[in-house]
Every structure is written in structure tokens, then in C-alpha cells.
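Asker: Sharing a model prediction with you, sequence too.
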Amino acid sequence: MTVDESVIRAVAKWPNVPAVYGWLSLDRRGQWLIKGDRISNPLVTAFIGRNYASDLDGRWFFQNGPQRVYVRLDYTPFVYFVQRTDSDPAIVTHTGSVATQVREAMVDETGALVLRTDVGVGVVCDRDLPAAAEMLRTDTGHAVDEDLLAGLLAGRSEVRLHLLFGARRVPVSAVGSGELARRFAFDPDPRPMPGEPDC
């Protein structure tokens, strides 16, 4: 995480400001919301993205000056976008970080594509699934069409999929949506710890 210098100074000046819970959330399309209303100001969303991190308990937060604002996650800590380039597609988080490695690729029971990269675990934005599907190949190197993908999700096909990213062929495995938080040690709905004050 790259933290703004102003945030570092504020934390040093006011180290014991109570955290905020239940206000800020991240939806499955990488949008920040305050009490359910989308934040549309690009300067504000960029500031949140630069100061977004997790604590030792897997609770994700936005460090707003001296105050931590904990984030309710609709699904995963990151949302990935697939950007077309002249060479390989780029995988970019909702905070603007570019993934350089894909370590795991998973498809859940709803057809969502989840990636664990060098940045962290995140779901691919549903709007970018067609671009992501172009990166999928069967064991024999064939492209994946809609029928094949539907068959795989329904358990009607034995074909194994791989995600091509750079020089790597990453096997695609099945994952239950309910498993992700435990498996990757994040808290999708942070609450104050016992005895912890909050605003």
C-alpha cells in the first residue's frame, strides 16, 4: 500500500482516533459506496484506493487521515479489470494496482472468476468476463466458448481449463463462494473487536 504523506502525518499527530464501521463498502464492480450510495468523485476514489489496506485480522480499511474506516466487502478485497493492450492483457485492481503474476484462478458456482495475484485475491468484474474468457484455454489449447464454460460450471464436462497470463498457464479450479473469506483470511464484514470503541 502506498499511503499519502498527509495520512502518515495525521496518524502520528492523532494516534488514538476510534475506527468507523458500517459506512464504507466495496461492491463487486469495484465501486466504493458510503451507506449504499456510490462515490463518483474520481479524486475521492483515488484517495481511498491509495490508502486501502488490511489489518492483522484480515479486516480491510481505508485510512482516512488518523481514522480507519473499515470496509464491508460484497465479495473479495479486490476487484479486477482486464485491460486490453498491444501485447498481453493487463489485470488491474479497482485501486489501480497492476498484477504481474496470477498465482491461482478459480471459478465459483455462479460463474464468477476469482484470481489470486501478487496483489491479492479478487473477483474479475462481470463486465470484463468476456475479455477474461479470451485468456482461458482447454488442456489441448482450444479457446473456451460459452457452451463449454456452462458445461464446466454445471459439472457436465471433464475438460480442464487454464488461464494464460504471460508465459504461465494457471490451472482453473472450482471454488465455493462461501469458502473464499476463510481460505484467504479476510473478513468481509468487519465489526469492532470486544472493548474496541467505534464511531
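Answerer: Sure, I can see it. As the structure is a computational prediction, the values presented were derived from the model and not from experiment.

Asker: can we go C-alpha only for contacts and neighbour counts from here?
Answerer: OK.

Asker: The residue nearest in space to the middle of the chain: what's it in contact with?
Answerer: Closest to where the C-alpha atoms of the chain average out (C-alpha atoms, centre = their mean) is F78, at 1.5 Å. Applying C-alpha atoms under 8 Å, 6 or more residues apart in numbering to F78 gives the contacts 30, 93-95, 120-123.

Asker: Tell me which of those fall in strands.
Answerer: Using DSSP state E, the members of these that fall in strands are 93, 121-123.

Asker: Give the buried subset of these as a ChimeraX selection command.
Answerer: Listed next is the ChimeraX selection for buried residues among the ones in strands among the contacts of F78, using 16 or more other C-alpha atoms under 10 Å:
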select :93,121,122,123
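
Asker: from the ones in strands among the contacts of F78, which single one is nearest P194?
Answerer: Looking at those and their distance to P194, the nearest is V121, at 27.7 Å (C-alpha to C-alpha).

Asker: What helix or strand is Q63 located in?
Answerer: Per DSSP states H and E, Q63 falls inside strand 60-64.

Asker: May I have that strand as CSV, with CA atoms only?
Answerer: What follows is strand 60-64 as a C-alpha-only set of coordinates in CSV (Å, rounded to 0.1, in the frame of the first residue of the first chain):
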residue,chain,number,x,y,z
TRP,A,60,-9.8,-4.2,5.1
PHE,A,61,-9.9,-0.5,5.7
PHE,A,62,-9.4,3.0,4.2
GLN,A,63,-7.0,5.1,6.3
ASN,A,64,-8.7,8.5,6.3
